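# no FASTA, just this:
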């Protein structure tokens, strides 16, 4: 179960104060679009969530198998890519918005183990969520709700 995430406009134009339990951090837009660049932008946070989940999932799997995984690194970028290069290729679109993910595993691992870790990476919960239809229900709360 996830803890509630609360996002509140900060003191500056696009700065957002984010709290998750006792963790506090900020998000913002870069200078070139009017922000102050005091934190990652929303797409960077999305990529960070995916990369974090991927890395943790790979680490947990390797630990459970007793494999000699020394380090995991996930490099991500949000980009417009050719539809035929994507897992979810549909014949209608030539280009689609997509996430490019590169998995780097370090350790004395066999090629079969490396391949299996790549398969496991694609099964992390955030990856599955982003690749599935998802419903986002937005409602307007009042101050009395304690949610605004």
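Alright, I've got the coordinates. These numbers were taken from a predicted model, which means no experiment stands behind them.

# CA atoms for contacts and neighbours, from now on please.
Fine.

# so what's residue 114 up against?
Contact criterion CA atoms under 8 Å, 6 or more residues apart in numbering gives residue 105 as the residues in contact with residue 114.

# name the element it belongs to?
helix 111-121 (DSSP states H and E).

# do the same with residue 105
strand 95-107.

# And for residue 127?
helix 125-130.

# pLDDT on that helix, on average?
In this model, helix 125-130 carries a mean pLDDT of 96.

# Stretch 53-61 now?
In the prediction, stretch 53-61 has an average pLDDT of 98.

# in it, what's buried?
53-55, 57-59, 61 (16 or more other CA atoms under 10 Å).

# where does this structure dip in pLDDT?
By pLDDT under 70, the weakly predicted segments of the chain are 85-93, 144-148.

# Pretty sure residue 73 sits against residue 55.
Yes - contact criterion CA atoms under 8 Å: residue 73 and residue 55 qualify, at 6.7 Å.

# how about the strands of this structure, start to end?
5-9, 16-20, 23-27, 69-82, 95-107 (DSSP state E).

# Mind listing residues that contact the last one?
To tie it back to what came earlier, the one meant is strand 95-107. 47, 68-83, 86, 114, 118, 121.

# Check the fourth one too.
With contacts defined as CA under 8 Å, 6+ apart, strand 69-82 is touched by 43, 47, 51-52, 54-55, 58-59, 62-63, 94-109.

# Just the buried ones from those, in PyMOL syntax?
A single PyMOL command selects the buried members of the contacts of strand 69-82 (16+ other CA under 10 Å):
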select buried, resi 47+51+54+55+58+59+62+96+98+101+103+105
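
# residues touching residue 27, list them.
15-18, 37-42.

# switch to 7 Å and redo it
Residue 27 is in contact with 15-17, 38-41, counting by CA atoms under 7 Å, 6 or more residues apart in numbering.

# re earlier: who does the strand holding residue 105 pair up with?
Applying DSSP bridges, strand 95-107 is found paired with strand 69-82 (antiparallel).

# centre of the chain versus the strand it pairs with, how much separation?
Centroid separation between strand 69-82 and its chain, computed with CA atoms, centre = their mean, to the nearest Å, is 10 Å.

# quick one: the helix ranked longest in the chain to helix 111-121, angle?
As assigned by DSSP state H, the longest helix anywhere in the chain is helix 42-65. Helix 42-65 and helix 111-121 are oriented at 130 degrees to each other (axes from the mean of the first three to the mean of the last three CA atoms, to 10 degrees).
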